[in-house]
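S.K.: no FASTA, just this:
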């Protein structure tokens with residue numbers, strides 16, 4: 001695939017929500033889901049100051065946040081369904097260790113991300129674990 005095609009796909013993913021959703025529905029791995037994820041993160045960064053990516057280690061795992069500022073650790077998940085994965089558990093633990101809030105951005109609106117019962121329970125039971133929506 002040429003660099004021009006790749007650049008066009010990235011630009012389309014950033015600017016066209018329908019295109020992003022179609023990629024996510026069709027793809028189960030590879031470039032499509034990566035573009036979808038990048039698109040969500042770029043839309044959040046364009047509207048909110050989530051800070052720079054941060055490399056950290058928690059529970060023996062090396063992790064990279066989507067954003068870290070003085071108040072919060074942020075993860076952006078532009079997916080149809082989200083469970084309380086090891087990555088999210090580690091990010092939440094890191095936020096607690098640092099005394100920060102944890103902001104989790106997911107899809108809203110018509111194609112809203114469905115959350116697993118365990119993830120919904122964590123959000124409901126922790127006032128520093130915030131569910132937010134990708135603009």
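M.R.: Arrived safely. Bear in mind that the values here come from a model prediction, so they are computed numbers and not experimental data.
S.K.: how about residue 127, secondary structure?
M.R.: Here residue 127 is coil, with the state taken from DSSP: H, G, I helix; E, B strand; the rest coil.
S.K.: how much space is there between it and residue 33?
M.R.: For residue 127, the distance to residue 33 equals 32 Å [Cβ to Cβ, to the nearest Å]. (C-beta placed from N, C-alpha, C; glycine too.)
S.K.: Tell me where the model's unsure across this structure.
M.R.: 1-29 (pLDDT under 70).
S.K.: how about a cut-off of 50?
M.R.: The chain contains residues with pLDDT under 50 at 22-27.
S.K.: what sits against the nearest residue to residue 54 once chain neighbours are set aside?
M.R.: Excluding the flanking residues, the one nearest residue 54 by Cβ to Cβ, 6 or more residues apart in numbering is residue 68, at 3.8 Å. Listed by Cβ atoms under 8 Å, 6 or more residues apart in numbering, the contact set of residue 68 reads 50, 51, 52, 53, 54, 74, 100.
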